[in-house]
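Here's my sequence, what's the structure:
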Amino acid sequence: MKGPNDCHQIYLSHLQKLPRWKEEFETKNVLVMTAQLFVNAVNHGFIRTSQIRLIVIDECHRAVKDSPMKQAMTVINEARSTLEADKGPRILGLTAALFVEKCKPRDVPKIIRQLESTMNSRIRTANDYKSALRSSF
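Take a look at the predicted model:
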């Protein structure tokens, strides 16, 4: 059985070694990597999203434009659309700041809808947008 110390960071050098990826999935419960490394690993066939049960994304508010985090979510959402509902990974997106840059209060609903679309999720935050803005800067 896998123990509590089975958390392991994946480094770029591991990307080019398929046997190492297989070993990591067989021996570890938790893998920690950057969004870009995740995208590269999926694109090279080293990781299948069906192998993953949970993805925790820190600073998910950065999943905008063509960032690695948005690319990772695109890969995940495309794969989830072809899998049965219970086969794809669950996503937990965390952030202290809801926005990457300053915005006007009237733009907040649009920004939230865009992030919800990217993350394929529902955002839970303060009930009023002005409170959310105050806690974002």
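
neighbours of residue 55, just the number please.
When neighbours are counted by other Cβ atoms under 10 Å, residue 55 registers 17. Using the backbone N, CA and C atoms, a C-beta is placed for each residue, glycine as well.

Surely it is within a strand?
Yes: going by DSSP: H, G, I helix; E, B strand; the rest coil, the assignment for residue 55 places it inside a strand.

Hmm, it is touching residue 80, no?
No: with contacts counted by Cβ atoms under 8 Å, residue 55 stays clear of residue 80, the gap being 10.8 Å.

Mind listing the shared neighbours of these two?
Jointly contacting residue 55 and residue 80 under the rule Cβ atoms under 8 Å, 6 or more residues apart in numbering are residue 89.

quick one: average pLDDT of the lengthiest helix in the chain?
Secondary structure of the chain per DSSP state H: the longest helix is helix 68-82. For helix 68-82, mean pLDDT rounds to 85.

please begin residue numbering at 50 from this point
I'll keep to 50 as the first residue from here, and by that count the last item is helix 117-131.

Buried residues, that helix. List them.
Going by neighbour count (16 or more other Cβ atoms under 10 Å), the buried part of helix 117-131 is 117, 118, 119, 120, 121, 122, 124, 125, 126, 128, 129.

ok, of these, which one's closest to residue 155?
Comparing the buried residues of helix 117-131 against residue 155 with Cβ to Cβ places residue 119 closest, at 23.6 Å.

what ranges do the helices span in this protein?
Going by DSSP H, the chain shows helices at 67-76, 84-92, 117-131, 157-168, 178-185.

and residue 146, which of those is closest to it?
helix 178-185 (4.5 Å).

mean confidence score for that closest one?
61.

who does the residue nearest in space to the middle of the chain bridge with?
Centrality entry for the chain: nearest residue to the mean C-alpha point is residue 106, 4.0 Å, by Cα atoms, centre = their mean. Note on residue 106: beta-bridge partners residue 142, judged by DSSP bridges.

Just to check, residue 111 is in contact with residue 118?
Yes: under the criterion of Cβ under 8 Å, residue 111 makes contact with residue 118 at 5.2 Å.
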